[in-house]
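# sequence and predicted model, in that order:
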Amino acid sequence: MKLGLKLLQERAKIGSFWWPYISNLPETYSVPIFFPGEDIKNLQYAPLLYQVNKRCKFLLDFEKEVKHALESLKPDDHPFRSFSPNAEIVQEQEAGKAKMLVKVVAGTQIKRNDPLVLNYGCLNNDLFLLDYGFVIPSNPYDCIELKYDAALLDAASMAGRIAAPNFSSPAPWQQQILYQLNLDGEDPVLKKVSLGGPELVEGRLLAALRILLASDMETVQKHDLGTLKSLSVEAPLGVTNEVAALRTVIALCMIALGHFPTKIMEDESLLKQGVSGSTELAIQFRIQKKSLIIDVMRDLTRRVNLLLSKESITAQGATPVNMTISVTITRSTPSLESFTVIFSHFQHRNQYYGRSRTHGPARFGSYRVPSFQRHQRDELPNFSFRSRDN
């Protein structure tokens, strides 16, 4: 209380010695627990909404408990005599002793007048916004959180056209490995998996998909869990298995993107119109989450195409047929947009094999099947398209 009054006194002075410090203090709170209710909804991301609501509930419950504890107390019996709104990083020294020297050593060369910035750590945007009230664009440690759920994986396998997965009914040997990955229990905390960040796909999720999409127990048992959890290990259980696993993850991203009620372009348009500080933060946060999902999809699609290009599409006697395909979305999903794909096809024995590359911002959705008389559907790297010859 005394420190707060002193700061107010110094703030009222002209030419106060402490003005450079006071002028840098935040004028308003920018963490989500102080957002208006509408801006909390504007975050559009369920894991963060849960954390915000949890913190708000704690503060309300704590306020009630403190008020109840102080109702019948006399001022002299007040248990909270003083609060010190600062973090104590060194032990205070007793009076009468020699002055203590605190020396700070820089780990890198600092030039004169260089700004010194605080490193908050390798955190995702959820924690930056919850604890500090800001988000970092293109944060390399940002990620999205998903629940490992058999029904969700079944939906993803249908979207990715993955044949006969064992997500809902794993074999006993598969279930045993899922248990080792902490994905077979009932604890919802342990069943949280993430996409994005340094791993791109959390190792436990990748290992689970590789195992559940495999039919040969002996082949799986040749590899340790560390290998199966690593995205840098290319196709440890074979190309077909790897393509199916990555397509499933891409479909999970598509489902996650579809849960956002607005598109990135709509969000950017709102920012240009001029909004309040809390609304701007909420919109910036959800833009970063959507951009992250799209980046993961683009990266995994590139990996799928690379795997397919190493397969038999370049078989001897194959004739390349280049086609431009216009992709249109067949269902109304606000967060998805149409885009163009260049499809390089190879005709061999009246079968079509293909790989694709996207142009412009990638938006994935539910598409229509190519109108080929004959095609090898399993070789198509993305979901399904309606094609048109140039």
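In hand now; what should we look at?
# and this structure, what are its domains?
What the record gives for the chain is the domain set 35-65+121-310, 315-390, from automatic domain parsing.
# what segments of the stretch 151-300 of the chain are helices?
With DSSP state H, counting those that start in this stretch as the criterion, the stretch 151-300 of the chain has helices at 172-180, 203-212, 217-221, 225-228, 239-258, 264-273, 277-309.
# out of those, which gets nearest to Asp126?
Closest of the helices of the stretch 151-300 of the chain to Asp126 is helix 277-309, at 8.4 Å (criterion: C-beta to C-beta). (Glycine included, C-beta is placed from N, CA and C.)
# for the closest one, packing partners?
Applying 3 or more C-beta pairs under 8 Å, 6 or more residues apart in numbering; DSSP states H and E, we find helix 277-309 packed against helix 37-41, helix 125-127, strand 143-147, strand 192-196, strand 200-201, helix 239-258, helix 264-273, strand 351-359.
# can you dump the C-alpha coordinates of stretch 106-123 into PDB?
Taking C-alpha atoms only, stretch 106-123 is exported to PDB below (Å, rounded to 0.1, in the frame of the first residue of the first chain):
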ATOM      1  CA  ALA A 106      26.600 -10.400 -19.700                       C
ATOM      2  CA  GLY A 107      26.800 -13.600 -21.600                       C
ATOM      3  CA  THR A 108      27.200 -11.800 -24.900                       C
ATOM      4  CA  GLN A 109      28.800  -8.600 -26.100                       C
ATOM      5  CA  ILE A 110      26.600  -5.600 -25.500                       C
ATOM      6  CA  LYS A 111      27.200  -2.300 -27.400                       C
ATOM      7  CA  ARG A 112      26.500   1.000 -25.900                       C
ATOM      8  CA  ASN A 113      22.800   2.100 -26.100                       C
ATOM      9  CA  ASP A 114      21.800  -1.400 -27.100                       C
ATOM     10  CA  PRO A 115      18.300  -2.300 -25.800                       C
ATOM     11  CA  LEU A 116      18.200  -5.100 -23.200                       C
ATOM     12  CA  VAL A 117      15.200  -7.400 -23.500                       C
ATOM     13  CA  LEU A 118      13.900 -10.000 -21.100                       C
ATOM     14  CA  ASN A 119      13.700 -13.600 -22.400                       C
ATOM     15  CA  TYR A 120      10.400 -15.000 -21.200                       C
ATOM     16  CA  GLY A 121      11.500 -18.500 -22.200                       C
ATOM     17  CA  CYS A 122      10.500 -21.100 -24.800                       C
ATOM     18  CA  LEU A 123       6.700 -20.700 -24.300                       C
END
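# name the nearest residue to Trp173, ignoring sequence neighbours.
With sequence-adjacent residues excluded and distances taken as C-beta to C-beta, 6 or more residues apart in numbering, Trp173 is closest to Met217, at 4.9 Å.
# apologies, that question was intended for Ala245.
Sequence neighbours aside, Leu209 is the residue nearest to Ala245 in space, at 4.1 Å (criterion: C-beta to C-beta, 6+ apart).
# before we move on, back to that, can I assume the residue nearest to Trp173 is in contact with Gln175?
No: taking C-beta atoms under 8 Å as the contact criterion, Met217 and Gln175 are not neighbours in contact, 11.8 Å apart.
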